[in-house]
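Asks: turn this into a structure:
(2 chains)
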Amino acid sequence: MSQTGQTGRTSETADWTDPKPARVTFDEWLELFDHVPDELIEHYHYYDNGESWSKYLFPPQTFAIYGARHLRRLKFDNSLAALRMWGLVQNETERLFRARQIGRRVIATMGDLGAVPVIVDSFPGCVAFYPDCIWWTPFVMESRVLFDAAAELGIGDATCFSRAALGAFAKHSYFPDPDLVIASTGASCDDYSGVEQLVQSFAPDVLWVEEPLRQECRIASDECRMGVPRETQAAITFLTREYERVVERMERLAGHAITEEELREGVRRANRVRKLVARLRELTFRDAALAALEMMVVEFGSLHYYSDIGEWTAVLEHLLATAERRAARAERVVDGAALRIIWVTPPADPLLLTYVEDKGARVVGTEYVINQALEVMDESRPPLEAIADSFMAASLIGTSRARAESVIGQARERQAEGVIISGILGGSHCAMEARLISDYVKQEMGLPVLEFDVAPPSNEVGLQLQTRIDAFLEVLRSRR
Amino acid sequence: MKDLLTPRERFGLLVIDEPQDRVPVFPLVTAHAARVAGISVREYYTDGAAMARSQLVAQETYGIDFISFFSEVGLVAEALGSRFDYPEDDLPLLVRPKWTELTQLDDRVANPLHDGRLRVYLDAIAYAYEARGDTVPILAYVPAPFTTAQQLVDQEAFLLGLLTEPERVKELLGYATRSITRFCRAIIGAGGLPILVDPLASGSVISAEHYRGFALPSEAEVVRYLHRYDLDVVLHICGDTRATIGMMPETGADLLSIDRIEIADAVAGAGKTCRIIGNYDTSAILLSDPRTIERETTEMAAAGSSCPKGFVAATGCEVPVDTPPDNVRAFVRSARQAGRNPEFGKSGTVPRSDAANASRYSPRFHGRRRRV
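Replies: Residues are numbered from 1 along each chain as shown, chains lettered A, B, ... in the order given. Alright, predicted model coming up:
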């Protein structure tokens, strides 16, 4: 019997035994789902309630019928835990509307990718989410609808895919109109700051938060971590004050004076998620216990926990139980002998991860511009300061060299054979940064690096890109 | 006036009890699509690509909020062995049911890939889904067990059997259900949302007692199967359902598509638990004039606004094949206009869960919408 998750259900119970680990197709999951007992479907609910609407253990077909066309082309982990993860993630839009219907306050947090939700979720009855994550929707739906909506508002194809968030605000149908928007800007992505500015016309209440610049690297350098240089401490102090403004605004909104203990508990809950993710990264990157696609979904869960931190934590526990069991049995979901690559910048098109794995590679490290959401917070510090401190590890508030050092650190640790940098056309941090990271990795490690811009939503990986990836992997193979 | 939402976005809001920019509009354009596309009716129901292309043209031409595949209710029965004729320019006709009387059943289950014309539907769904699945819901009518059974056995013998051999009738319904759920599974795999259609269970054909005893349980079984996939299930029963409307929610269906019943009666009988789809008179859309249709559709939409769980402005049954296109346009135009929600999307009008809307939003049902 494997470990139980928060909801007490595991991948190996009297109701269900996971098949031998594998990545399965959309059609194969339909076959598998035939064997999922009704009792299991009834068991899992989000928001910890028993209402029929809060069930979520459903196969990819369910979400495909409602428009997620790209799912038909992906390959999925065949464990119950992974099915559960996909179910929870895919019905987030409904969950946000349900949150509003049952009286919760819905707060859009934008731009900082991982910090402000720790504060928001500390308030009772409040749910944070990132409209930023809507950037995947056009790809998952194979659709231009949200890009077209954004274009009508003045942001066209020359801007990063995150412009889909603006389209979603304009549509009023991808999430409820938020009670409050907390928009982070400053030392961050220029494109997204532009998106945030235009969002203001759809949101009656926007609180702006300034992100400070990180003046030196503290990601990969142990020396930096030993002490806090003066500049960094000043930035943390500044950011802590910014978070105090967030707290004040949230208190007014929620009508609740939050206690330090409630904030501490919020930090502890978020840390629980971050620690689970850290362990899953280790098992995935070292032992191939999960595939790259599921691991990306797991990493991004650290941003806002897919709008239900309790259930997301349970899902992570379930995934971890599955991954630990696989590791103990030396079972892998991807061939352990596959080419080892580090992936830099999240691929907006998830099919790229499936494609690369199909071609005989596996992802052994990532730099998805969300380091700040992965860093475990120091629970001994005052909570806002702890959140601010962990945010100083953010990928986009510092130098390209810092990102490159993170990539190099992971590449060395996991003996990576190559690096893929998937850029975003129009992403201000991508155009220059990809070249800088690439040069640095080549200079320091002599590793081959493949850089490309992700193409707009489509039903396939374009032939030209297929050829480039194939050739790149062939180079890596020839170097063995 | 340009719509803010796509049909898929609109439907997504409807099924989770959220207001939409306007009511979804759904004249049940099935084989009429062949006329719109300029092909024969036979080509429409024997060639999946032709069926899909016709529906795509019709959806775009009229601005319908759904694409829906259907030809006739004998589809599953044919796949199980009943014989149908295919007239050149008319719908399939039952020539000989599989059995002439209630009899010993075989153990056959229709294979959606090989039997009858089930594959035509699957091809059509896959085609349309690839073409427009991001913006328009793709629906596929599936004849319910009760209706299918009457295409498997001589109808008179079947109806007599309700009185004299109820157990055999139930066995036959179970037999039909196995093939129907398998077909539904194939539709789900192709990207379509199955709609359960049970016209021969209407009050025009059977009593309320027989509905409860035979049709309802078999409908409920299919609905349960579809709810395993968290789908929002439409149950369409055309004809007179005044005597059974109060029972229909017991099937578990999330949306009821109604025909010859006042909307007020449908709301009284099922409106607290189901969204209502209906119900413009199909004779009128065939024979009336655009101005009259506009007026009557506007009245219908006004009545539909009283549905607490939501409303879809639809025809009561299929748009007849030879309906003048201007009549369909008049229906769609007026339904869209009358069903517009001027409050939708007004920033700053965030609804709060106060006592009044707590009951409106009381989440009792099986509404689905997901992040994609």
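Asks: was I right about A:Leu30 contacting A:Gln61?
Replies: Yes - contact between A:Leu30 and A:Gln61 holds when scored by C-beta atoms under 8 Å: they sit 5.6 Å apart. Quick note: C-beta positions are derived from backbone N, CA and C, even for glycine.
Asks: do me a favour and get the end-to-end distance for stretch B:239-246?
Replies: 15 Å (C-alpha to C-alpha, to the nearest Å).
Asks: so what's residue 19 up against?
Replies: Here I'm looking at chain A. By C-beta atoms under 8 Å, 6 or more residues apart in numbering or on different chains, the contact set of A:Pro19 is A:32, A:78.
Asks: I was after chain B.
Replies: B:13, B:341, B:343-344.
Asks: and those, which two are the farthest apart?
Replies: B:Leu13 and B:Glu343 (13.3 Å; C-beta to C-beta).
Asks: and those two? which has more neighbours close in?
Replies: Between B:Leu13 and B:Glu343, B:Leu13 has the larger neighbour count (other C-beta atoms under 10 Å in any protein chain shown), namely 22 against 10.
Asks: report the longest strand in chain B, please.
Replies: strand B:311-318 (DSSP state E).
Asks: for the helix or strand following that one, packing partners?
Replies: Downstream of strand B:311-318, the next assigned helix or strand under DSSP states H and E is helix B:325-338. For helix B:325-338, the packing partners by 3 or more C-beta pairs under 8 Å, 6 or more residues apart in numbering or on different chains; DSSP states H and E come out as strand B:25-28, helix B:32-37, helix B:48-62, helix B:282-287, helix B:290-304, strand B:311-318.
Asks: list the buried ones in the helix or strand harbouring B:Gly161?
Replies: If you go by DSSP H and E, B:Gly161 is part of helix B:155-164. By neighbour count on 16 or more other C-beta atoms under 10 Å in any protein chain shown, the buried set for helix B:155-164 is B:157-159, B:161-162.
Asks: try stretch A:276-290
Replies: Buried, per 16+ other C-beta under 10 Å, within stretch A:276-290: A:276-277, A:280-281, A:283-285, A:287-290.
Asks: can you tell me the SS state at residue 210?
Replies: Picked chain A for this. Of the three states, A:Glu210 takes strand under DSSP: H, G, I helix; E, B strand; the rest coil.
Asks: just the pLDDT at it, thanks.
Replies: For A:Glu210, the pLDDT comes out at 96.
Asks: I figured A:Glu262 hits A:Ser122, correct?
Replies: Yes - look at A:Glu262 against A:Ser122 with C-beta under 8 Å: they come within range, at 5.2 Å.
Asks: so which residues of the stretch 201-350 of chain A form strands?
Replies: A:206-211, A:339-344 (DSSP state E, counting those that start in this stretch).
Asks: give the pairing partners of the first one; include direction for each.
Replies: Meaning strand A:206-211. Strand pairing for strand A:206-211, determined by DSSP bridges: strand A:180-186 (parallel).
Asks: which residues are in contact with the partner strand?
Replies: Residues contacting strand A:180-186 (C-beta under 8 Å, 6+ apart): A:105, A:107-112, A:115-116, A:120, A:193, A:196, A:199-200, A:203, A:205-213, A:246, A:249-250, A:253, A:397.
Asks: hmm, back to that, ok, the contacts of B:Pro19 vs A:Thr345, which is closest?
Replies: B:Leu13 (33.3 Å).
Asks: these two touch, right, that closest one and B:Gln20?
Replies: Yes - with contacts defined as C-beta under 8 Å, B:Leu13 counts as touching B:Gln20 at a distance of 4.7 Å.
Asks: joint contacts of the two?
Replies: Between them, B:Leu13 and B:Gln20 share the contacting residues B:Leu5, judged by C-beta under 8 Å, 6+ apart.
Asks: follow-up on the earlier one: let's see which of the contacts of strand A:180-186 end up in helices.
Replies: A:116, A:120, A:193, A:196, A:199, A:246, A:249-250, A:253 (DSSP state H).
Asks: related to what we said a few turns ago, check which element follows the helix holding B:Gly161 along the chain.
Replies: Taking DSSP H and E, what comes next after helix B:155-164 is helix B:166-190.
Asks: partner strands of the following helix or strand past that next one, parallel or antiparallel?
Replies: For helix B:166-190, the following helix or strand on the C-terminal side (DSSP H and E) is strand B:193-197. Strand B:193-197 pairs in its sheet with strand B:138-143 (parallel), strand B:234-236 (parallel), by DSSP bridges.
Asks: tell me what angle the helix or strand that comes right after the first one forms with helix B:166-190.
Replies: Along the chain past strand B:138-143, the next helix or strand (assigned with DSSP H and E) turns out to be helix B:145-152. Between the direction of helix B:145-152 and that of helix B:166-190, the angle (axes from the mean of the first three to the mean of the last three C-alpha atoms, to 10 degrees) works out to 110 degrees.
Asks: helix B:145-152 - what's its average pLDDT?
Replies: The model assigns helix B:145-152 a mean pLDDT of 98.
Asks: before we move on, what about stretch A:372-381?
Replies: For stretch A:372-381, the per-residue pLDDT averages 97.
Asks: cool, stretch A:413-428 as well?
Replies: 91.
Asks: residue contacts, A:Glu367?
Replies: Taking C-beta under 8 Å, 6+ apart, one finds A:342-345, A:395, A:403, A:406-407, A:410 in contact with A:Glu367.
Asks: what about the residue in the stretch 251-400 of chain A positioned nearest to chain B, neighbour count?
Replies: Nearest residue of the stretch 251-400 of chain A to chain B (C-beta to the nearest C-beta) works out as A:Tyr306 at 8.2 Å. Using other C-beta under 10 Å, A:Tyr306 has 25 neighbouring residues.
Asks: please apply the same query to the one 4 residues further on.
Replies: For A:Gly310, the number of neighbouring residues by other C-beta under 10 Å comes to 15.
Asks: if I read this right, it contacts A:Asp48, doesn't it?
Replies: Yes - if you go by C-beta under 8 Å, A:Gly310 and A:Asp48 touch, sitting 5.8 Å apart.
Asks: got the phi/psi numbers for the closest residue to B:Leu5 other than its chain neighbours?
Replies: Residue nearest to B:Leu5 in three dimensions, not counting chain neighbours: B:Asp21, with 4.9 Å by C-beta to C-beta, 6 or more residues apart in numbering or on different chains. B:Asp21 adopts backbone torsions of phi -70, psi -30, taken as degrees, to the nearest 10.
Asks: look up how far A:His172 lies from B:Asp21.
Replies: Computed with C-beta to C-beta, to the nearest Å, the distance linking B:Asp21 and A:His172 is 8 Å.
Asks: what do the two both touch?
Replies: Contacts common to B:Asp21 and A:His172, judged by C-beta under 8 Å, 6+ apart, are B:4, B:344-345.
Asks: how near is the residue nearest to B:Leu139 when sequence neighbours are not counted to chain A?
Replies: Residue nearest to B:Leu139 in three dimensions, not counting chain neighbours: B:Ser68, with 4.2 Å by C-beta to C-beta, 6+ apart. For B:Ser68, the distance to chain A (C-beta to the nearest C-beta, to the nearest Å) stands at 14 Å.
Asks: check which helices and strands the helix or strand where B:Ser68 lies sits against.
Replies: Using DSSP H and E, B:Ser68 sits in strand B:67-69. Strand B:67-69 sits against helix B:48-62, helix B:118-132, strand B:138-143, with contacts defined as 3+ C-beta pairs under 8 Å, 6+ apart.
Asks: identify all contacting residues around the next helix or strand after that strand.
Replies: Scanning forward in sequence from strand B:67-69 by DSSP H and E, the next helix or strand is helix B:75-80. Contacts to helix B:75-80, defined as C-beta under 8 Å, 6+ apart, come from residues B:84, B:92, B:94, B:97-98, B:108, B:110-112, B:115-118, B:121, B:142-143, B:148, B:151-152, B:176, B:179-180, B:183.
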